[in-house]
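> The amino acid sequence is not available; the structure is as follows:
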């Protein structure tokens with residue numbers, strides 16, 4: 001959207017498919033998004049999704065993952081990696097290095113019916129603010145802090161309702177973890 005002209009520019013015309021979970025990188029030069037664009041013609045795989053990155057003007061789209069099950073991408077503050085949720089190869093939180101394409105599993109789901117979702121990185125890139133979402137009743141959803149150095153979770157708030165179990169954090173400027 002051009003603020004001066006008030007005109008919209010469509011960034012993703014081809015190939016067909018859907019795009020979701022769209023996040024502008026911290027430097028404003030790239031956009032991360034989730035899409036099924038490479039699976040649209042394979043009828044048995046049409047519900048699979050992967051992570052893509054493109055330039056902010058819509059050019060140079062690149063598929064970053066090949067897991068077929070990606071959601072909630074979150075850029076790190078240094079603009080060089082993205083945390084995301086995936087169910088493949090095993091359910092949990094992952095991180096991909098944008099330059100090398102290397103994918104690293106950050107944290108496995110705590111149990112089969114409790115999914116972890118990234119929300120925001122700390123300013124220094126050492127912690128992730130995550131949501132644990134229970135799929136069964138009674139739901140015990142929680143907001144937690146994941147220390148990426150030691151892989152430990154610190155619960156910040158429990159018993160989130162289903163409606164607010166995935167808060168949208170638009171800026172991590174406020175998020176500076178305290179060492180307690």
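Nice, I can see it. All values reported here derive from a predicted model rather than from experimental measurement. Numbering: from 1, shown residues only.
> number of nearby residues for residue 87?
Residues lying near residue 87 (other Cβ atoms under 10 Å) number 14. Every residue, glycine included, has its C-beta placed from N, CA and C.
> Check which helix or strand the most centrally placed residue in the chain maps to.
Closest residue to the average C-alpha location of the chain: residue 73 at 1.7 Å, with Cα atoms, centre = their mean. In the assignment (DSSP states H and E), residue 73 maps to strand 70-75.
> what are the pairing partners of that strand, and which direction each?
As defined by DSSP bridges, the strand partners of strand 70-75 come to strand 81-86 (antiparallel).
> List of residues touching the strand it pairs with?
Residues from elsewhere that reach strand 81-86, judged by Cβ atoms under 8 Å, 6 or more residues apart in numbering: 32, 51, 53, 64-65, 67, 69-76, 92-98, 106, 115-118, 121, 128.
> Can you show me the strands along this protein?
With DSSP state E as the criterion, the chain has strands at 19-24, 30-35, 50-55, 62-63, 70-75, 81-86, 92-97, 103-108, 114-121, 127-134, 141-147, 152-160.
> Nice, that's everything, thank you.
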